[in-house]
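Undergrad: sequence unavailable; structure follows:
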């Protein structure tokens with residue numbers, strides 16, 4: 001079996017900032033052995049939110065989503081690693097936080113479907129689009145992680 005190194009997009013939502021959980025959430029990705037390649041704090045405007053949430057922008061509940069996402073700054077991040085999209089989705093837990101597995105970010109830290117701490121790309125294709133939406137090429141960093149080679153076995157790197 002071959003594993004492929006990927007990048008994924010993660011957005012820490014306003015409730016993460018408001019509840020002082022940024023370090024708690026970020027630490028989980030670091031402990032997993034993932035590599036942070038971009039990160040910035042920002043306020044989201046209507047245009048960016050409509051693009052990011054285009055799949056729900058016509059729903060009745062969207063105005064509430066937009067108001068929530070504009071209520072506080074967010075933190076956009078890009079993480080890198082082997083099969084990182086799937087790994088991050090598992091770490092995050094399911095969207096319905098009240099029933100997310102204990103040990104997952106949402107299972108441990110959130111109770112709401114709307115205020116569920118975090119967004120993470122759901123596919124490699126969406127990750128590429130979301131990373132491009134939130135980061136310029138100049139904001140992405142290439143570097144050698146000193147212990148990166150020790151994270152994976154020779155078989156996984158093959």
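TA: That came through, no problem. It should be emphasised that the depicted structure is a prediction, and the values quoted were computed from it without experimental measurement. Residues are numbered from 1 along each chain as shown.
Undergrad: over to the nearest residue in space to residue 44 that is not next to it in sequence: give its phi and psi.
TA: The shortest distance from residue 44 to any non-neighbouring residue, by CB to CB, 6 or more residues apart in numbering, is to residue 69 (5.3 Å). For the C-beta atoms, the positions are set from N, CA and C on the backbone; glycine is no exception. Residue 69 adopts backbone torsions of phi -70, psi -20, taken as degrees, to the nearest 10.
Undergrad: report the separation between residue 69 and residue 143.
TA: 30 Å (CB to CB, to the nearest Å).
Undergrad: so between the two, which is more surrounded?
TA: A direct count of neighbours by other CB atoms under 10 Å for residue 69 and residue 143 places residue 69 higher, at 22 against 9.
Undergrad: show me what contacts that one?
TA: Residue 69 is in contact with 13-14, 44, 49, counting by CB atoms under 8 Å, 6 or more residues apart in numbering.
Undergrad: any low-confidence regions in the protein?
TA: Low-confidence segments of the chain (pLDDT under 70): 1-4, 147-154, 156-158.
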